[in-house]
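Chemist: sequence-free structure coming up:
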């Protein structure tokens, strides 16, 4: 839905008047979305709340709870964790949220409208299916499943329950900086795509400790080959999805290999991985992922025949080739020296026009993390789906699923009424590509990714 | 004999009895307005309600019995811009008065050709909890067991107790004009 509503091509971009006008219009729209004020949020205190339940209070669950505490539109009313110590911790840190040892009891709580599932991927399927059956809106962390079968079952269940909002935890899809870049990238500013490269470097063991041996085994699922989607699934998936999303491409095959270099503690999952994704027309994406060295952190760079675009967290730059045609707006845009070349700054809210056309420069106002914006979108979109379905039923009676799906697409998708977020299909496809990459690493073979694989 | 007489009377009365039509998918409503910056519009695909009308009488000029109650959920009106939707819904006091309501009490067929009837209609329009009498020309078309009612009317926000919104922007305040044109296409069926 989100891709459809935002799809643009070069002709649309130019038809908007001029490239400069279109770009400035985009900048201006960003400013207007924030009400013209410096704000880190796209919703405000008047946004109707959707009451949230959190399943899984591990480190990522706690990060989610901290972000929800800053979102009036997504009050945390319940937490579930089967480990008693974690449940006690949630009570201490979020005393207003009701605690449940069993997620089934949280799902039975009528006060909970939406659930956020932050457990290990191999636990997702059972919880997602039960949550949808209980009538909850569902946010499922990515990857949706640790197997293709689980991911497909989750995406199918989401499609079978269109009255509830389902969001896959591909956080970059909701982050304003990346979202702002979307029409720019789709307009063909790169020229013909040549290649892309992403890296994620961080020195960290992934190993968790617990005084309880059974608990320690359970929380170290990332190091268990049977359960872990590997670095490709846990980390690389988000970057690969971003490149595919921006350039509207799907890989045809992936090759890779991995080694355990730093953390030789008996783990079966490589701590360093190299991947090459193949696409049509010779385009390729290479990816370096390691838990053994942190130099140069993480970034994504996309190369085209006219320019290269680099994204690093909430910042982005464009580097034009000397023979690239003049777009127009870049003459007026702010530039920063980077890698010994002047990079044109591409930042949401960083440039806008003030009174009388005076140029104003300011830093991006969207200073929160991608997970914050992803959760904000989940709460807002869940409210939109909930109210639209209620109005639909009042006007026309109880409709069938196909009617609900089509109507939501027309009423919310076509009118651009949802905050950007990854739906079940997008979550599923990113999941498949990541699991194929992990398979390539584990087998050291080239693995094909077919259209049938990417179809639910 | 008495029973047979009653049955004959009933049979004769059948063609002139009103039939009830309910809202179906395919409806749309659009509100168009203007401001100091640009023209604006919001739209919805949700029109609920029922229409009681003598369908046979639509085929010839004259007044006919008709009754309709129509509602549009205010929150379903979308512009494609989240901020504008919030401003507009707040201006229409959507939390207290969640629906735009139209009641139709009279239809006069001015001209009929084939399955299309040009009519005048009278009724009331309720926005923001305030009701005003209105009259507007409409067309009623019959096809495939469905009746589609189309029409448009220009109203003033201030007549319904709505202060034209004036949202703040970095470049200054927008001033919204008072007049709003409502255009609808309401699909009904049995």
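Modeler: That came through, no problem. Values in this document were obtained by computation on a predicted structure and should not be read as measured data.

Chemist: Give me the contacts around the helix or strand encompassing residue A:255.
Modeler: If you go by DSSP states H and E, residue A:255 is part of strand A:253-259. With CB atoms under 8 Å, 6 or more residues apart in numbering or on different chains as the test, strand A:253-259 has contacts from A:230-232, A:270-278, A:433, A:436-437, A:440-442, A:444-449. C-beta here means a position set from N, CA and C on the backbone, and glycine is covered the same way.

Chemist: Can you flag the buried ones in the residues you listed?
Modeler: By neighbour count, with 16 or more other CB atoms under 10 Å in any protein chain shown, the contacts of strand A:253-259 hold A:230-232, A:270-278, A:433, A:436-437, A:440-442, A:447, A:449 as buried.

Chemist: I'd like to know how many residues surround the closest residue to residue A:430 other than its chain neighbours.
Modeler: Of all residues not flanking residue A:430 in the chain, residue A:241 sits nearest, at 4.1 Å (CB to CB, 6 or more residues apart in numbering or on different chains). Neighbours of residue A:241 under the rule other CB atoms under 10 Å in any protein chain shown: 24.

Chemist: Could you verify that residue A:241 is part of a helix?
Modeler: Yes. Per DSSP: H, G, I helix; E, B strand; the rest coil, residue A:241 lies within a helix segment.

Chemist: Now do it, the pLDDT please.
Modeler: Each residue has a pLDDT score; the one for residue A:241 is 98.

Chemist: give the contact list for it.
Modeler: By CB under 8 Å, 6+ apart, the contact set of residue A:241 is A:170, A:172-173, A:422, A:426, A:430, A:433.

Chemist: which residues in the stretch 151-300 of chain A form helices?
Modeler: A:176-186, A:213-219, A:230-231, A:237-247 (DSSP state H, counting those that start in this stretch).

Chemist: Check chain B too.
Modeler: Applying DSSP state H to chain B gives helices spanning B:2-13, B:82-91.

Chemist: mean pLDDT for the ones you listed: which is lowest?
Modeler: Here the lowest mean pLDDT among those goes to helix B:2-13, at a mean of 54.

Chemist: Strand partners (parallel or antiparallel) of the host helix or strand of residue A:139?
Modeler: Counting by DSSP H and E, the element that carries residue A:139 is strand A:137-141. Using DSSP bridges, strand A:137-141 pairs in its sheet with strand A:114-117 (parallel), strand A:166-169 (parallel).

Chemist: Check the spacing between residue A:428 and residue A:154 real quick.
Modeler: Separation of residue A:428 from residue A:154 (CB to CB, to the nearest Å): 7 Å.

Chemist: Quick check: the residue of chain B nearest chain A.
Modeler: Residue of chain B nearest chain A, by CB to the nearest CB: residue B:48 (3.2 Å).

Chemist: What is the end-to-end distance of stretch B:156-176?
Modeler: Using CA to CA, to the nearest Å, the end-to-end distance of stretch B:156-176 comes out at 11 Å.

Chemist: what distance separates it from the centre of its chain?
Modeler: Remark: stretch B:156-176 is offset 24 Å from the chain centroid, using CA atoms, centre = their mean, to the nearest Å.

Chemist: Same check on stretch A:154-164?
Modeler: 19 Å.

Chemist: Give me the buried positions along it.
Modeler: A:154-155, A:157-159, A:161-164.

Chemist: wait, which of these is closest to residue A:189?
Modeler: The nearest member of the buried residues of stretch A:154-164 to residue A:189, counting by CB to CB, is residue A:155 at 31.8 Å.

Chemist: So which bits of chain B are right by chain A?
Modeler: Applying CB under 8 Å from any CB of the partner chain, we find that chain B lies next to chain A at B:23-25, B:43-49, B:71, B:73, B:75-76, B:78-83, B:85-86, B:90, B:167-172.

Chemist: What is the least confident helix or strand in chain B?
Modeler: When each helix and strand of chain B is scored by mean pLDDT, DSSP states H and E, helix B:2-13 comes last, with a mean of 54.

Chemist: Identify, out of the strands paired with strand A:137-141, the most deeply packed stretch.
Modeler: Most buried of those by mean neighbour count (mean count of other CB atoms under 10 Å in any protein chain shown) is strand A:166-169; its value is a mean of 29.

Chemist: List the contacts of it.
Modeler: A:132, A:137-142, A:144, A:158, A:374, A:377-378, A:381, A:421-424, A:426-428, A:430-431.

Chemist: The same query, at a cut-off of 6 Å, please.
Modeler: Residues from elsewhere that reach strand A:166-169 (CB atoms under 6 Å, 6 or more residues apart in numbering or on different chains): A:138-139, A:141-142, A:144, A:158, A:378, A:421-422, A:424, A:427.

Chemist: Now tabulate the residues you listed in JSON lines and tack on pLDDT and distance to residue A:340.
Modeler: Output for the contacts of strand A:166-169, formatted as JSON lines (pLDDT from 0 to 100; distance: CB to CB, whole Å):
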{"residue": "A:138", "pLDDT": "98", "distance to residue A:340": "47"}
{"residue": "A:139", "pLDDT": "98", "distance to residue A:340": "42"}
{"residue": "A:141", "pLDDT": "98", "distance to residue A:340": "39"}
{"residue": "A:142", "pLDDT": "97", "distance to residue A:340": "36"}
{"residue": "A:144", "pLDDT": "98", "distance to residue A:340": "42"}
{"residue": "A:158", "pLDDT": "98", "distance to residue A:340": "47"}
{"residue": "A:378", "pLDDT": "98", "distance to residue A:340": "41"}
{"residue": "A:421", "pLDDT": "96", "distance to residue A:340": "38"}
{"residue": "A:422", "pLDDT": "97", "distance to residue A:340": "36"}
{"residue": "A:424", "pLDDT": "98", "distance to residue A:340": "44"}
{"residue": "A:427", "pLDDT": "98", "distance to residue A:340": "39"}
